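K.L.:
Using only what follows, build the 3D model:
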Amino acid sequence: MDTSVARKTNVPDFATAYYLLEGLKEISVDYLFCNFGTDHAPIIDEMAHRRRRGEPMPTVVRCPHENTAAHMAAGYALVTGRGQGVLVHVDVGTANTANGMHNLFRSRLPVLLMAGKAPYTVNDELVGSRDTYVHFVQEPFDQASLVRPYLKWEWTLPSGVVVKEALRRAASIMQSEPCGPVYLMMQRETLTQHWRADEIRRYTGEQFAATSAGGADPELVAALADKILNAENPILITGYAGRHERGSHAIDALAQFAGIAVYEANMTNNISHDSPCFVGFTADKAVPDADVGLLVDVDVPWFPSDVQPNDKAFWAHIDIDTLKPGSPMWTFPGNMRMQGDSGRILDQVLHALKAKATPRFKEAAATRLKHIKAVRDERIARAAKLAADKGRPGAINPHYLTAELAKLLDDQDMIFNEGVTNAAAVLMQIPRRVPNTTVRAGGGGLGWSGGTALGAKLAAPDRLAVQICGDGGFYFGNPSSVFAVAQQYKLPILTVVMDNTGWNAVKQSVLRVYPEGEAKSANGFEAELAPNVHFTKVAEAFGAYGEEVSDPAEVPAALARCVKEVRGSRAALLHARVTRL
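P.N.:
Modelled structure (predicted):
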């Protein structure tokens, strides 16, 4: 052992960083998505130490940008349900993850974010003291404030003797529903402290188990069943029930039995679109006429500025997160709120409803199902009509583009839909039979789809991961970092950039607020981006296949070539010039 280290620390066995890596494996952190800095010297040294000793530790994935690291953790958790570790550099690295933590928090995905802190000793009193310029400028008064709005828990490790207890606590909180990010900060001096193995208290998963979501109060279930039994025009709106397969199946079963039209509003995790009761992605026209409504795992069922429900309607909110405490204002109607596992609760409701169903109810439900089929058929016909318009050279119709992509995808393939204003085309033209195979970030932070696709690919290597974004989102996503990781770790993803040369969301926002304003008169929306960029060059710089297409006639073949490359283990990017801003 290095005597200079032992001289400055506690009784020597192993450093805190050694036990940290061991503890991470004990809480099922298999991967560390890392962007290293000076604060990680003890961890890096102990990584080498554990490798030499042949001892397990998480696999390191080095990400050139923290945005990639955070969203890779999101993609992995999305597929597996298990939160992984993200390791970044003090305050600046934490700041670069804030966009990702926002998205993870709003998407209810677990992640253990870890960062160093500037060393607290200055005169070499302890191993790890300050020894470079940045140690004096990277110590804010409140480092956690950079991400605190998006955390379930935060702590600064006070001593290495409790490192495993801290990890167990972090894991149980991030994995408890609603899941979400937690944050652990560690200073170098703490990480270099040495402790005997018998001084480090160990905890099992059973001692620190995460809380699981349960069912609902039987009295509430019975009351809701009565409301549905007497409903004339019931509807169900969901947004993320598809994150668990049971939730999707329960919605379908209840809807078919009771004749309930199902909408997926502002979706983050899709339910199965194969259900005969699934009628589309906006309930705006149905909400005012509904007499009983079920809000099931949904954050924004409609925009109150555009839609007003019937004051006499009865609304039941069934959600893992009924009160939305992470949002200061959330005022959608809720005559009854049942927090828990939506799949379990809806199964309870269906069971109660079947016990009470009368011939009159069954006849009414059958009549509603006929109407629902007509609405569903109309939506499918409308999608086909939109896709039939191919657009023109230099202005490919996004509906046509995504409809052609759909022909090349398997049921289990995963779509990461960051199309923003073109996201609706993705949803309409790529219907999904399998739940949780089309995903949108629950948050508003652009630049998430590339990293999330990488993390999902890491978790499910046999499935195709497709990133769909606009040119604006592509910029935000730090694409050089995304394609660097794809190359280094052999994670081939397909990226489709729908380039409309600007921020259409910005333009549309101006028009909604000022439909006949000065900006419209001048055609000046401050939304135009560079028109002659060749995004394929970014992908090609990292060994990926790149192809640009502007003629609708070339779309099917171009997509087929890109998909073939990805299925052959090479990342690919299709730069499609779609209808302009």
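
K.L.:
got the residue ranges for the strands in the stretch 351-500 of the chain?
P.N.:
In the stretch 351-500 of the chain, the strands defined using DSSP state E, counting those that start in this stretch lie at 391-392, 395-396, 414-418, 438-439, 465-470, 494-499.

K.L.:
Would you reformat the ones you listed as JSON lines and include distance to residue 246?
P.N.:
(C-beta placed from N, C-alpha, C; glycine too.) Converted to JSON lines, the strands of the stretch 351-500 of the chain look like this (distance: least, C-beta to C-beta, whole Å):
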{"stretch": "strand 391-392", "distance to residue 246": "40"}
{"stretch": "strand 395-396", "distance to residue 246": "39"}
{"stretch": "strand 414-418", "distance to residue 246": "19"}
{"stretch": "strand 438-439", "distance to residue 246": "18"}
{"stretch": "strand 465-470", "distance to residue 246": "24"}
{"stretch": "strand 494-499", "distance to residue 246": "29"}
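
K.L.:
Compare the ones you listed and give me the one nearest residue 171.
P.N.:
Across those, residue 171 has its closest neighbour in strand 438-439 (23.5 Å, C-beta to C-beta).

K.L.:
What helices and strands are in contact with the closest one?
P.N.:
With contacts taken as 3 or more C-beta pairs under 8 Å, 6 or more residues apart in numbering; DSSP states H and E, strand 438-439 sits against strand 414-418.

K.L.:
now the angle from the strand it packs on to strand 465-470?
P.N.:
For strand 414-418 against strand 465-470, the angle by axes from the mean of the first three to the mean of the last three C-alpha atoms, to 10 degrees is 20 degrees.

K.L.:
Now do the buried residues in stretch 438-450.
P.N.:
Across stretch 438-450, burial judged by 16 or more other C-beta atoms under 10 Å covers 438-443, 445-450.

K.L.:
Throw those into TSV and include pLDDT and distance to residue 13, thanks.
P.N.:
As requested, the buried residues of stretch 438-450 are exported to TSV (pLDDT from 0 to 100; distance: C-beta to C-beta, whole Å):
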residue	pLDDT	distance to residue 13
438	98	50
439	97	45
440	97	48
441	96	44
442	95	44
443	95	43
445	96	43
446	96	47
447	97	43
448	98	42
449	98	45
450	98	42
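
K.L.:
Any chance of a markdown table for the residues you listed, columns distance to residue 327?
P.N.:
Output for the buried residues of stretch 438-450, formatted as a markdown table (distance: C-beta to C-beta, whole Å):
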| residue | distance to residue 327 |
| --- | --- |
| 438 | 24 |
| 439 | 21 |
| 440 | 18 |
| 441 | 16 |
| 442 | 11 |
| 443 | 12 |
| 445 | 16 |
| 446 | 20 |
| 447 | 22 |
| 448 | 19 |
| 449 | 23 |
| 450 | 27 |
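
K.L.:
residues touching residue 549, list them.
P.N.:
With contact taken as C-beta atoms under 8 Å, 6 or more residues apart in numbering, residue 549 is in contact with 396, 555, 558, 574-577.

K.L.:
Mind checking which of those residues are in helices?
P.N.:
Judged by DSSP state H, these include 555, 558 as members of helices.

K.L.:
Over the biggest helix by length in the chain, what's the mean pLDDT, rounded is fine.
P.N.:
Longest helix of the chain, by residue count under DSSP H: helix 359-388. Average pLDDT, helix 359-388: 97.

K.L.:
heads up, I number from 377, so please use that
P.N.:
In the new numbering, first residue 377, that becomes helix 735-764.

K.L.:
I'd say residue 421 and residue 394 touch.
P.N.:
No: Residue 421 is beyond contact range of residue 394, at 9.1 Å (criterion: C-beta atoms under 8 Å).

K.L.:
out of those two, which sits in the busier spot?
P.N.:
Higher neighbour count among residue 421 and residue 394: residue 394, with 27 against 16, using other C-beta atoms under 10 Å.

K.L.:
Now that one. Nearest residue, chain neighbours left out?
P.N.:
residue 422 (4.5 Å; C-beta to C-beta, 6 or more residues apart in numbering).

K.L.:
partners of residue 639 in the sheet?
P.N.:
residue 613, residue 656 (DSSP bridges).

K.L.:
Could you look up the next helix or strand downstream of the helix or strand containing the residue nearest to residue 394?
P.N.:
Residue 422 belongs to helix 417-429 when assigned by DSSP states H and E. Next along the chain after helix 417-429, taking DSSP H and E as the criterion, comes strand 435-438.

K.L.:
Just give the strands next to that next one in its sheet, each with its orientation.
P.N.:
Applying DSSP bridges to the sheet, strand 435-438 is found paired with strand 407-410 (parallel).

K.L.:
Can you check which of the strands of the stretch 727-876 of the chain gets nearest to residue 538?
P.N.:
For residue 538, the closest of those is strand 814-815, at 36.4 Å, according to C-beta to C-beta.

K.L.:
any idea how far the closest one is from the chain center?
P.N.:
Distance of strand 814-815 from its chain centroid, counting by C-alpha atoms, centre = their mean, to the nearest Å, is 9 Å.

K.L.:
ok, residues contacting it?
P.N.:
Strand 814-815 has contacts (C-beta under 8 Å, 6+ apart) with 454, 643-646, 790-793, 802-803, 806, 808, 828.

K.L.:
Of those, just say which sits nearest to residue 667.
P.N.:
Nearest to residue 667 among those, counting by C-beta to C-beta, is residue 643 at 24.5 Å.

K.L.:
Now the element after the lowest-mean-pLDDT helix or strand in the chain, going C-ward?
P.N.:
Lowest mean confidence among the helices and strands of the chain (mean pLDDT, DSSP states H and E): helix 379-384, at a mean of 42. Later in the chain than helix 379-384, the nearest helix or strand by DSSP H and E is strand 390-391.
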